[in-house]
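Undergrad: pasting a predicted model and its sequence here:
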Amino acid sequence: MSKHVLFLFPGAGRKYRIEGLAKGTVPQEFFYGLLHLWKSGYDIKTFDSRTDPLGLVNILLLRFEKLRNRFLNLGFTKARVLAADLEIKKCDVAISFTDAFSLSLGLYGRRLYPNKRLIGGFQKLTDIPNDSKILSPARTERLIKKAVKGLDHLFFMGEHDRQQAILRYGLNAAKTSLFRFGVDTEFWSPDDSMVEEDFIFSAGSDPKRDFETLLQAQITMNIQILTRLPLTIPKEKSNVQLMRGSYHDSVISDIELRNVYRKAIIVVVPLRDVNQPSGCSVTLQAMACGKPVVLTRNRGLWDPELLVSGENCILVPPGDPAAIFEAVERLRGDAKFRLSIGNAARKTAVEHFSMSRMNNDVEALIHK
């Protein structure tokens, strides 16, 4: 209990959530177990990993790194690490929850903070070499290998990404662990008093979303898409409504998002075939609301044992608009089947994807 733990994550979207916790207007999952540690008596501090550094030299360094990273499509930044310098020096354990800052912490933090325990979290570590615009995958891999050596421990949101990272980067498996994401099943819950409407809902702003395949499906019912991604709706798709924004910020509140889930009859989560466990939060939130989810079975599917197609969700192959159309039509045309999938989804979320497993995993991180 004496450990001083520093949580490093983009904090802009969490400031208003802290204020709403007591009112019950926000869910707990995007604190990644922080609230559990607070209640358990740990000394917890938070720091926004997007904070700009102080000092002219560091400000100029950040400007250079932003231009370089935009050119290379990589996220290494010493300036952001230096911005957190005072807080890192005061902690015993520093935990980063984003790929870019975790790699930056490993690459630059080991020399700066030799006596601190540095832990990095990852969602897409093995997909990063393929995202670089200029550097070859081999050069990017060498840079990543150098960065991860500076971390005391690495945790992954998906088991497939973890296993691939162990092989690709030569990691010691004991230095890694799986961080099992869960959702606030008390907040994300069904509401029998809310009348369903005949539309599909799809959400997400990470680049691994495959809204193009969803739009190619010959679906005639209304579709609402919530995203910040640049997405052009074909003129002939008059049944598609684009909701600009992101539910991680204040463009749409958590209450409003929950109401959209509850009103939709089907939630579709189309994904590209990547190692990243993309779509996890949207899928689990919708399942907790008792909604049938049509989800892409990509390489990074985070829990293939618990996500059973035809029982608590419907899994479709990557890049297959016909499969999405068939799944949607089956659910729409069979109310009994739709209800069965939704009820099983809610049960699965409560029993296996609640906050408790994430709370346990974050506490284990500190003591590993």
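TA: Nice, I can see it.
Undergrad: show me where pLDDT drops low in the stretch 151-300 of the chain?
TA: Applying pLDDT under 70 to the stretch 151-300 of the chain flags the ranges 244-251.
Undergrad: show me the strands in it, by range?
TA: Taking DSSP state E, counting those that start in this stretch as the test, the strands found in the stretch 151-300 of the chain are 153-156, 176-178, 199-203, 222-227, 240-244, 266-269, 293-296.
Undergrad: turn the ones you listed into a markdown table, columns for distance to Gly109 and mean neighbour count.
TA: C-beta coordinates here come from the backbone N, C-alpha and C atoms, glycine included. Converted to a markdown table, these look like this (distance: least, CB to CB, whole Å; neighbours: other CB atoms under 10 Å):
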| stretch | distance to Gly109 | mean neighbour count |
| --- | --- | --- |
| strand 153-156 | 13 | 23 |
| strand 176-178 | 18 | 18 |
| strand 199-203 | 34 | 23 |
| strand 222-227 | 33 | 20 |
| strand 240-244 | 36 | 15 |
| strand 266-269 | 34 | 26 |
| strand 293-296 | 35 | 27 |
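Undergrad: can you tell me the SS state at Asp52?
TA: coil (DSSP: H, G, I helix; E, B strand; the rest coil).
Undergrad: what's the neighbour count on it?
TA: Look at Asp52: counted by other CB atoms under 10 Å, it has 12 neighbours.
Undergrad: ok, it touching Leu60?
TA: No: using CB atoms under 8 Å, Asp52 is not in contact with Leu60; the gap is 11.5 Å.
Undergrad: if I look at the two, which residues touch both of them?
TA: With CB atoms under 8 Å, 6 or more residues apart in numbering applied, the contact sets of Asp52 and Leu60 do not overlap.
Undergrad: can you add distance to Ser278 and give the strands of the stretch 151-300 of the chain back as CSV?
TA: Listed next are the strands of the stretch 151-300 of the chain as CSV, based on distance: least, CB to CB, whole Å:
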stretch, distance to Ser278
strand 153-156, 13
strand 176-178, 16
strand 199-203, 12
strand 222-227, 13
strand 240-244, 19
strand 266-269, 8
strand 293-296, 9
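Undergrad: what about Phe187, neighbour count?
TA: When neighbours are defined as other CB under 10 Å, Phe187 has 19 of them.
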